[in-house]
Every structure is written in structure tokens, then in C-alpha cells.
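# based on what follows, work out the 3D shape:
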Amino acid sequence: MMPNSICRCPWVDLTKPDYVKYHDEEWGVPVYDDVKMFEFIVLESAQAGLSWYTILKRREQYRAAFAQFDVEQVAQFSQQKVEALLQDEGIIRHRGKINAAITNAQVFMRIQQEFGSFSEYLWRYVDHQPIVNAPQCKEDYLANSELSDRISRDLKKRGFKFFGSTICYAHLQACGLIIDHSLDCFKYNSDFTQR
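Below is the predicted model of the structure:
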């Protein structure tokens, strides 16, 4: 079956194979690995004010720039490293977002110490079960929710930067805590929704 001949969520741009692959293989798949969680935090924070595809197509450059998303290494990035990253054309060269990645890495590690893992901290908000929504059209997709409000508020209190409710909601979708595949999307009834 051709990849474009099956039904997908209405936001997927079928002209972009990497976007289709991200939707089909990653988006909404429950994540329990802290490295992957941290990767999405860096990427989602970098997305603020931009389209997700702008970040997605730079993902490999972000991996290289941010030590393969090794949270301990990123937490120790120096000001000299920040200046070097500001010259890296492969990423979004925004001082605030780069500094946020470093600050968030430090907070992320404190959360790991407190809860055993960042994954445990986050999944407890949903009682370790994904929330499965059933949007039917683009207008049904939320930008945030009471849950993302609550989590982003707590993370901000702990010191997170560039991680407001909208970015938090996108993170919950990406990591499969919220399953937002549309009702007619082939992924809606897949194993990934754990239904």
C-alpha cells in the first residue's frame, strides 16, 4: 500500500516524507525513556513560535549540537559552548532557547533525582495510562489543556524555560501521554494507542 493512500491525521503534510514518517512511527507512541523525553523537551522548546516541521527537519543537527541529548552533558554546557551554538546554522540560533535547553537539563536532572526518572514524574500525571482523545477534524485539536496548564506550571516553578502550556501539550502528544490521532487515522486503532 502506498504511504499516501491510507488515512492520516489532517495536520500531516503528505508532500514531506520525513513528516509522514514522524507521524506514522513516533507521534503519539508512549515514551518511557528519559533520553527521548529530554530530546523532545529540547526540540519542543526550540519550536516556540515556529512550526514543528522547522524543527523536525533540523533534528539531526540538534542531535549533533546537543550531545545526542545526553542530559548530563547539556547541563554542563558553558557560555563558550552557547556562543559556539549561536554560530551553528543547523539549529535555531536563539540565545534564549539555547540557554533554556541548558537550564532545563539541570532541572530535568533534579526531577530525575526526586522521582527516579523524568518519565516517572510525567507519567504519574496521567496515572500511567495515555489519555486517548478522538479528534475528527483540524478544529478539534487542542493547543493546550488543563493538564498541560498544570504540568507546565509545575515545571516553570521548578525552573523550566520556554515550556508554556502549548509547548507542554505538544510534548505530551509527542511522547504519547495524550493520543491525539484523529478518529479516521490509521494510527487511531493501532497498538500504539494501547486500547
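# ok, so what distance separates residue 171 from residue 151?
Counting by Cβ to Cβ, to the nearest Å, the gap from residue 171 to residue 151 is 9 Å. All C-beta spots, glycine's among them, are computed from the backbone N, C-alpha and C.
# what does residue 47 give?
Look at residue 47 and residue 151: by Cβ to Cβ, they are 17 Å apart.
# and if you look at residue 32?
Taking Cβ to Cβ, one finds residue 32 at 16 Å from residue 151.
# same check on residue 58?
25 Å.
# between those two, which is the more surrounded one?
residue 151 (23 against 18; other Cβ atoms under 10 Å).
# so for the lengthiest helix in the chain, what's the average pLDDT?
Taking DSSP state H as the criterion, the chain has its longest helix at helix 95-115. Helix 95-115 shows a mean pLDDT of 98 in the predicted model.
# in what helix or strand does residue 23 lie?
Here residue 23 sits within helix 17-25, counting by DSSP states H and E.
# tell me the helices and strands packed up against that helix.
For helix 17-25, the packing partners by 3 or more Cβ pairs under 8 Å, 6 or more residues apart in numbering; DSSP states H and E come out as helix 52-56.
# past the helix it packs on, which element shows up next along the chain?
By DSSP H and E, the next helix or strand past helix 52-56 is helix 59-65.
# can you give me the offset of that following helix from its chain's centre?
15 Å (Cα atoms, centre = their mean, to the nearest Å).
# which residue packs closest to residue 172, ignoring adjacent ones?
Excluding the flanking residues, the one nearest residue 172 by Cβ to Cβ, 6 or more residues apart in numbering is residue 178, at 4.4 Å.
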